[in-house]
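1. Pasted the sequence and its predicted model underneath.
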Amino acid sequence: MSVTVATGENRVISMKKQTGCGVPAATGAGATILHRSPGGFSFTDETEGVSIPTSNSLGQPDPMEEGMFRVSGQLPSPMLLGAHSEIDESIARRDFTAGPTTTASAGDEITTQNGNQFVRAAGGGESFLTDGWLAGMSFPAANLPDAANNDINLTVTAVAATVLTVAETLVDNAVGDADAVLAMPGHYTFNPTTARTKNYFTIDDYDLEPDQSTRLEDVVWTGMSVSIPGGSNPATVQYTGIGRNGTPLETVESPWFTTPTEPTVRGLASPVGTVFIDGVVSAVITDASFNIDWQAEGRDAVGSQLIIDIFYGKPTVGGSFTAIRIDNALQKKAKAATRISILFRIEEAGTDPKDFKSFYFPKCRIGVSKGDDEKATPETITFSAEHQTGVTGGFDGTFLFQDSTLS
């Protein structure tokens, strides 16, 4: 199935980060075109008139005065590699950063043991923890003596100083290798407990005809909804945001961003989706979806038609997936209120190691309900992601994103 993406011919949507609230990004260069589903971009000017009650005997409507300015809306898009990174990191409230690399050397050799572990030489003094590995990251290994261990995406499930555990099966080799390289591709981010970022953007909604723009100001991205259907149907994402104002511009000012850059992206037309439940690959998931919502809102001020700012609430993170029932394992965990980890990795079709986008939720409470189907028994698993803290080899947060194509 092909993926249709609108980048802008008759309508160009471009975005540029601001230096702060109340400081619209300068006109000219430096903006990025936002890829989107055709006809999907929709931001609404919510400025409303305010009725001024009066006492009159003519039965006339009360006069109206201008109310508060604000805009809100959505940006739907197919799931794309290399796209929307500024929005993703805004929702995480942490900038994307390069991932860890571990390079073996003489005295710091790496062996493969126990069917799923990379083990460093005990006397080498180096540490996977110090290197920055986290559970939920994906990476390929290189230069290992056993070819089956190289150039496939591996998924970190646990991290200790000298042991890195993955979900996949490895060929054991007790001979220390001084040439091995374990490197996380692309960049990752997660929602931190402290030092959270808050990014504001100016969006130029430019129409070629009549050659005029609407400039959306102080836009804060506040949530995302992801749908991962079964089969060859493309995964999709819909972002939501709130802004403080929308300004219609005259032709002489349009477009506001004169030379926006179109990022290099690739579609996931026929994605190879992998779902990990508690670090184990599940081959029976038929579809999945999840939402992240910061429950943000604008607050009014006395004496101004502009809202003071957009304020984040407590994030709600959760979703559901449907699976073909093969045993009672998930039902037992739901009954016992056992928390589980869930990782969705959407891979590009092609040769290994495949590029991907992944979404990891380390601590989830689940509920299970059975369906009724004579061919196969389906079950729907709902999950609510909780905040994780104090886990060795983990991160203090609720979710982790990774895009293997970012640089």
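-> Sure, I can see it.
2. make it CA atoms for all contacts and neighbour counts henceforth
-> Noted.
3. list the contacts for residue 70?
-> Residues near residue 70 by CA atoms under 8 Å, 6 or more residues apart in numbering: 45, 46, 47, 242, 243, 244, 245, 246, 306, 307.
4. Averaging pLDDT per element, find the lowest-scoring helix or strand in the protein.
-> One helix or strand of the chain scores below all others by mean pLDDT, DSSP states H and E: strand 49-51, with a mean of 44.
5. by contact count, what packs against the helix or strand residue 345 falls within?
-> Secondary-structure assignment from DSSP states H and E places residue 345 in strand 340-347. Contacts defined by 3 or more CA pairs under 8 Å, 6 or more residues apart in numbering; DSSP states H and E place strand 340-347 against strand 272-277, strand 356-370.
6. hang on, residue 331 is in a helix, isn't it?
-> Yes. If the criterion is DSSP: H, G, I helix; E, B strand; the rest coil, then residue 331 is within a helix.
7. Skipping adjacent residues, who's closest to residue 214 in space?
-> If the residues on either side of it in the chain are set aside, residue 214 comes closest to residue 248, at 4.4 Å by CA to CA, 6 or more residues apart in numbering.
8. What's the local residue count around the one you found?
-> Neighbour count for residue 248, taken as other CA atoms under 10 Å: 13.
9. ok, now which ones touch it?
-> By CA under 8 Å, 6+ apart, residue 248 lies in contact with 212, 213, 214, 215.
10. circling back to that earlier point, what's the angle from the strand holding residue 345 to strand 272-277?
-> Our comparison of strand 340-347 with strand 272-277, counting by axes from the mean of the first three to the mean of the last three CA atoms, to 10 degrees, yields an angle of 170 degrees.
11. Report the angle between strand 340-347 and strand 356-370.
-> Between the axes of strand 340-347 and strand 356-370, defined by the same axes, to 10 degrees, the angle is 130 degrees.
12. Make CSV out of the contacts of residue 248 and add pLDDT.
-> Converted to CSV, those look like this (pLDDT from 0 to 100):
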residue, pLDDT
212, 94
213, 94
214, 93
215, 95
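13. Now tabulate these in TSV and tack on neighbour count.
-> Supplementary listing: those in TSV, determined by neighbours: other CA atoms under 10 Å:
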residue	neighbour count
212	20
213	27
214	19
215	24
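14. So which of the residues you listed is the closest to residue 20?
-> Among the contacts of residue 248, residue 215 lies closest to residue 20 (CA to CA), at 16.1 Å.
15. Next up, identify which helix or strand that closest one is on.
-> Secondary structure assignment for residue 215, by DSSP H and E: strand 212-228.
16. would you put the C-alpha positions of that strand in PDB?
-> What follows is strand 212-228 as a C-alpha-only set of coordinates in PDB (Å, rounded to 0.1, in the frame of the first residue of the first chain):
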ATOM      1  CA  GLN A 212      -1.700  34.900   1.600                       C
ATOM      2  CA  SER A 213      -0.600  33.400   4.900                       C
ATOM      3  CA  THR A 214      -2.100  32.900   8.300                       C
ATOM      4  CA  ARG A 215       0.700  33.100  11.000                       C
ATOM      5  CA  LEU A 216       0.000  30.900  14.000                       C
ATOM      6  CA  GLU A 217       2.000  32.100  17.000                       C
ATOM      7  CA  ASP A 218       3.300  30.600  20.300                       C
ATOM      8  CA  VAL A 219       2.100  27.100  19.300                       C
ATOM      9  CA  VAL A 220       2.900  24.400  21.800                       C
ATOM     10  CA  TRP A 221       2.600  20.700  20.800                       C
ATOM     11  CA  THR A 222       0.600  19.000  23.600                       C
ATOM     12  CA  GLY A 223      -0.200  15.500  22.500                       C
ATOM     13  CA  MET A 224      -0.100  12.700  19.900                       C
ATOM     14  CA  SER A 225      -2.200   9.700  18.900                       C
ATOM     15  CA  VAL A 226      -0.600   6.800  17.100                       C
ATOM     16  CA  SER A 227      -2.400   4.000  15.200                       C
ATOM     17  CA  ILE A 228      -0.700   0.800  14.100                       C
END
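17. what are the pairing partners of that strand, and which direction each?
-> Looking at strand 212-228 with DSSP bridges, its partner strands are strand 201-207 (antiparallel), strand 236-243 (antiparallel), strand 245-248 (antiparallel), strand 285-293 (antiparallel).
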